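Participant: quick one: sequence plus predicted model below, questions after.
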Amino acid sequence: MNWGLCLSGGGVRGGAHIGVLKVLEENGLKPDYITGTSAGAIVSSLYSFGYSAKTIEEIISSLELKKYIDLDINGILDALKDLVVTSNTNLTGLVNGHALEDLFKELFSDKFIYQAQIPLGIIAVDINTAEVFKFTSHPIQADGNFVNITDCKVHEAIRASIAIPGYFKPKIFREHLLVDGGIRDNLPLDLLIELGAEKMLLVNVGFAENNFENVHGIAEIAVQALDIMMFDSFNKSLLSLENRENILILNTTMPDIKPLDFKKIKKAIEIGYIETQRQLPKIKEFLTNN
């Protein structure tokens, strides 16, 4: 029986996904399908395009991540003036996102998503219509209101999926304004099924009924709000599934790591590694038993 790996959003806490992949690799456990949202979209895409977990860790650890946060200074200043004068603003986000997208473009050599070595799925949302955009390496058939895209560059899909509303500007894609997939699907289980997975290992690094203290600032509040909303939504969708025995959820909670605490990315990787090692017997039994 084949299996798929699903990686949630969660900002810097998404570094734990790298730790998870390291343990799976060390034990010869390679997914047949992989999906991700936001931070999970970054890691899942790198892995599906042939980067090993160790190489992903080296890349992420070597980056000065704050360098890629290109604030829209002029836009912010104009927005402040507008707020004073008209009590309104056209500012769509604090961060342009161009620097990160250029980085992704370089890492993926400007490739299309259909060139993935492992079947891949990434989630984003149209902020105007609420439609889910499912970027996949091959076409999918499923019920529901969504747009399936298979002919875009992978860096475009990732940039759309990480666009935290209010923090990043939306990704303009074919006249659509796309934002973080976590708004509708922070742990894209359904997309794994639609791609063809029969068993599913889900890695949640977002909200899991645990407390994150001292959440403050527009970006942290936005991420935490998404986490809470999607945790509730995901639990409801789990209840509707007929075959839950084919799902294993790995909750990797990190209450002392804030979503945008870039200095703690290495700690997040380590926590993901340790937690996966701890649950390895359970994971092996789940994946090997038909």
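Facilitator: Noted; the coordinates are in hand. Numbering: from 1, shown residues only.
Participant: show me what contacts residue 275?
Facilitator: Taking CB atoms under 8 Å, 6 or more residues apart in numbering, we find residue 275 in contact with 16, 19, 20, 250, 252. All C-beta spots, glycine's among them, are computed from the backbone N, C-alpha and C.
Participant: top of those residues by number of neighbours, please.
Facilitator: Neighbour tally across these (other CB atoms under 10 Å): the maximum, 33 neighbours, falls on residue 16.
Participant: in terms of secondary structure, what does the helix or strand hosting it contact?
Facilitator: If you go by DSSP states H and E, residue 16 is part of helix 16-26. Judged by 3 or more CB pairs under 8 Å, 6 or more residues apart in numbering; DSSP states H and E, helix 16-26 is in contact with strand 3-7, helix 39-48, helix 53-62, strand 199-204, helix 265-278.
Participant: which of these sits closest to residue 33?
Facilitator: Closest to residue 33 of these is strand 3-7 (CB to CB; 3.6 Å).
Participant: what comes up buried for the closest one?
Facilitator: By 16 or more other CB atoms under 10 Å, the buried positions in strand 3-7 come out as 3, 4, 5, 6, 7.
Participant: redo those as CSV? Include pLDDT.
Facilitator: Putting the buried residues of strand 3-7 into CSV (pLDDT from 0 to 100) gives the following:
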residue, pLDDT
3, 97
4, 98
5, 98
6, 96
7, 96
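Participant: in a markdown table, list those along with distance to residue 105.
Facilitator: Output for the buried residues of strand 3-7, formatted as a markdown table (distance: CB to CB, whole Å):
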| residue | distance to residue 105 |
| --- | --- |
| 3 | 30 |
| 4 | 26 |
| 5 | 24 |
| 6 | 25 |
| 7 | 21 |
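Participant: contacting residues around residue 172?
Facilitator: Residue 172 makes contact with residue 178 under the criterion CB under 8 Å, 6+ apart.
Participant: what residues are bridge-paired with it?
Facilitator: As for beta bridges, residue 172 partners with residue 177 under DSSP bridges.
Participant: so how far is residue 46 from it?
Facilitator: For residue 172, the distance to residue 46 equals 24 Å [CB to CB, to the nearest Å].
Participant: try residue 290
Facilitator: 30 Å.
Participant: now do the helices in the stretch 101-250 of the chain.
Facilitator: Taking DSSP state H, counting those that start in this stretch as the criterion, the stretch 101-250 of the chain carries its helices at 154-161, 189-195, 218-239.
Participant: worst mean pLDDT among these?
Facilitator: Mean pLDDT is lowest for helix 218-239 among the helices of the stretch 101-250 of the chain, at a mean of 66.
Participant: for the stretch 1-150 of the chain, give me the ranges with low pLDDT.
Facilitator: 76-89 (pLDDT under 70).
Participant: now do the strands in it.
Facilitator: For the stretch 1-150 of the chain, the strands defined by DSSP state E, counting those that start in this stretch occupy 3-7, 33-37, 93-95, 120-126, 132-136, 146-149.
Participant: and these, which is most packed in?
Facilitator: strand 33-37 (a mean of 31; mean count of other CB atoms under 10 Å).
Participant: residues contacting that one, please?
Facilitator: Residues from elsewhere that reach strand 33-37 (CB under 8 Å, 6+ apart): 2-9, 17, 42-45, 47-48, 118-123, 161, 180-182, 185-188, 191-192, 195-197.
Participant: possible to save the strands of the stretch 1-150 of the chain as CSV with distance to residue 256?
Facilitator: CSV is the format used below for those (distance: least, CB to CB, whole Å):
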stretch, distance to residue 256
strand 3-7, 21
strand 33-37, 23
strand 93-95, 24
strand 120-126, 27
strand 132-136, 32
strand 146-149, 36
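Participant: using PDB, write down the CA coordinates of stretch 25-36.
Facilitator: Taking Å, rounded to 0.1, in the frame of the first residue of the first chain, the C-alpha atoms of stretch 25-36 are listed here in PDB:
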ATOM      1  CA  GLU A  25      15.300   9.000   5.300                       C
ATOM      2  CA  GLU A  26      17.500   7.300   7.900                       C
ATOM      3  CA  ASN A  27      15.100   4.500   8.100                       C
ATOM      4  CA  GLY A  28      14.400   4.100   4.400                       C
ATOM      5  CA  LEU A  29      10.900   5.500   4.600                       C
ATOM      6  CA  LYS A  30      10.200   7.500   1.500                       C
ATOM      7  CA  PRO A  31       6.700   8.800   0.600                       C
ATOM      8  CA  ASP A  32       5.100   8.100  -2.700                       C
ATOM      9  CA  TYR A  33       3.200  11.400  -2.500                       C
ATOM     10  CA  ILE A  34       3.800  14.700  -0.600                       C
ATOM     11  CA  THR A  35       1.700  17.800   0.000                       C
ATOM     12  CA  GLY A  36       2.200  21.000   2.000                       C
END
